[in-house]
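Enquirer: Need coordinates for the following:
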Amino acid sequence: MLDVLKNAWKVKELRAKVIFTMGMLLVFRLGVHISVPGINHDVINELVDSGQLLGFFDVISGGAFKKFSIFAMSITPYVNASIIIQLLTVVIPALERLSKEGTDGRKKLAEYTRYLTVVLAFVQSIGISMGLRAALLNPSFVGNLLIAISLTAGTAFLMWLGELINEKGIGNGISILIFAGIVSRVPSGVYTIYEYLRAGTANPLVVVLIAVVCVLIIAGVIMIQEGQRKIPVQYAKRVVGRKVYGGQSTHIPLKVNQAGVIPIIFAMTMLMFPGTVASWFPDNQTAAWIAQTFGFTNIWYQVVYALLIIFFTYFYTAITFNANDIAENLKKYGGFIPGLRPGRPTSEYIEKVSGRITLAGAVFLALIAVLPTLMTRFTALPLQFGGTSLLIVVGVALDTMKQMESQMLMRNYQGFLK
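Expert: Below is the predicted model:
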């Protein structure tokens, strides 16, 4: 591994990209400490510690939400806008045509995503400023507007920063920023566990067991993220003049986890929102009942959480994966799956295989999402990494390694993935 990193550093272009990416991450981390004016930070700290959804935002933003900096919303509005645009391409014919127009179409969709990001960021920042009015030093219209503009500007700046990393750095810029925000919480989490050990409130064997389980979870995430089912495809031979075209064998790769972390985000948002809103009204009996019912450590909450993840995995996969298009493209270019007729039989077979492997991916996502919470409940240790965080960190690390590998293979160097 050290030799690989040494060889990568020798490549001038790759070294420049890595240095640029590190510089942009430094800018991101500096911005986390620039606070939005007019905020009572003691109230924010209490709300983050008591609200699981706000705690999740704090993890994604790398601690920016608890500090209530200009990057408090992180790049979440951009992620939401990307998901919305992706879903709309299925139901709006004009967007669907753009998605099939190649580079120009993708640029136009990216432009729509940017505009939608700013709109969502402003709406979300207004909601945050109104929902956290107890923490505002000046809860007037001007005070709320100042906070909303500051948060929206921070999100827009992060979006621009991510696109700069895409253009001049290494890896996916937006994913790299989320990755940096999550990883930045590791030192504080390790220090917290160390304090528990020093105070004698944590069993060393339990800490070792948690470390082993975390390593196994990471290995499982890598296996599922990289796992795929290869459906063999054969192309018929065509004779054009004196040349023979086609006749080669290939395969259709179907990923086990085609939905990524999106089902977890959907399920988490749906279940945590009522409890988070209820926590803003501590003196209301109905709000107290809702907060208790939607408690994150409640066993029934975890069961419903897992079922929702499985549901949203199938839902998102059904929207983004079109077996009919694959079957039609195979038929168009003379390809077929051995033993199956082109057209509808091929489409039905691909849907059947996709449904089976999606079940495995959905169950795995549910286990990954629920397991850290159960570990926290039974060990009483505050774990900084949840299932979503682990999936994001591992997925971004794998994607960045693959990009570095491709850069190095272009220059005849041995890459990471031997």
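Enquirer: what's the helix or strand for Y112?
Expert: helix 103-131 (DSSP states H and E).
Enquirer: Following that helix in sequence, what is the next regular element?
Expert: That would be, after helix 103-131 and using DSSP H and E, helix 141-168.
Enquirer: Only the buried residues of that next one, if you could.
Expert: Of the residues in helix 141-168, 143-144, 146-148, 150-152, 154-156, 158-159, 161-162, 164-165 count as buried by neighbour count, 16 or more other C-beta atoms under 10 Å. Just so you know, the C-beta spots here come from the backbone N, C-alpha and C atoms, and that holds for glycine as well.
Enquirer: Give me the angle between that helix and helix 103-131.
Expert: 150 degrees (axes from the mean of the first three to the mean of the last three C-alpha atoms, to 10 degrees).
Enquirer: How far off centre is the helix or strand that helix 141-168 is followed by?
Expert: Scanning forward in sequence from helix 141-168 by DSSP H and E, the next helix or strand is helix 173-183. Mean-position distance between helix 173-183 and its chain equals 9 Å (C-alpha atoms, centre = their mean, to the nearest Å).
Enquirer: Format the CA atom coordinates belonging to helix 173-183 as CSV.
Expert: Presented in CSV, the C-alpha positions along helix 173-183 are these (Å, rounded to 0.1, in the frame of the first residue of the first chain):
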residue,chain,number,x,y,z
GLY,A,173,-16.8,16.4,-4.9
ILE,A,174,-20.1,16.3,-3.2
SER,A,175,-19.4,12.8,-1.8
ILE,A,176,-15.9,13.9,-0.7
LEU,A,177,-17.4,16.8,1.4
ILE,A,178,-19.9,14.5,3.1
PHE,A,179,-17.1,12.0,3.7
ALA,A,180,-14.9,14.6,5.3
GLY,A,181,-17.7,15.8,7.5
ILE,A,182,-18.4,12.3,8.8
VAL,A,183,-14.7,11.3,9.3
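Enquirer: just checking, what packs against it?
Expert: Secondary-structure packing of helix 173-183 (3 or more C-beta pairs under 8 Å, 6 or more residues apart in numbering; DSSP states H and E): helix 12-31, helix 52-60, helix 76-91, helix 141-168, helix 387-409.
Enquirer: Could you single out the most deeply buried of those?
Expert: Most buried of these, by mean neighbour count (mean count of other C-beta atoms under 10 Å): helix 52-60, with a mean of 21.
Enquirer: What mean pLDDT does the next helix or strand after that helix get?
Expert: For helix 52-60, the following helix or strand on the C-terminal side (DSSP H and E) is helix 64-67. Helix 64-67 comes out with an average pLDDT of 72.
Enquirer: ditto for stretch 356-369
Expert: Mean predicted lDDT for stretch 356-369 stands at 86.
Enquirer: show me what contacts the residue lying closest to L367 once chain neighbours are set aside?
Expert: Computed as C-beta to C-beta, 6 or more residues apart in numbering, the closest residue to L367 that is not its neighbour in sequence is A306, at 7.7 Å. Contacts for A306 (C-beta atoms under 8 Å, 6 or more residues apart in numbering) come out as 366-367, 369-370.
Enquirer: are any of these buried, and which?
Expert: In those, the ones that pass as buried (16+ other C-beta under 10 Å) are 366, 369-370.
Enquirer: mind checking pLDDT for Q124?
Expert: Q124 is given a pLDDT of 83.
Enquirer: And for it, the neighbour number?
Expert: 18 (other C-beta atoms under 10 Å).
Enquirer: Looks like it contacts P77 (just checking).
Expert: Yes. Q124 is within contact range of P77, at 5.9 Å (criterion: C-beta atoms under 8 Å).
Enquirer: Pull the residues that contact stretch 118-138.
Expert: By C-beta under 8 Å, 6+ apart, the residues outside stretch 118-138 that reach it are 38-41, 43-44, 47, 68, 72-73, 76-77, 80-81, 139, 143-144, 147-152, 155-156, 277, 280.
Enquirer: Closest to K352 out of the buried ones among the contacts of A306?
Expert: A366 (21.9 Å; C-beta to C-beta).
Enquirer: of all the contacts of A306, which comes closest to A219?
Expert: L367 (13.4 Å).
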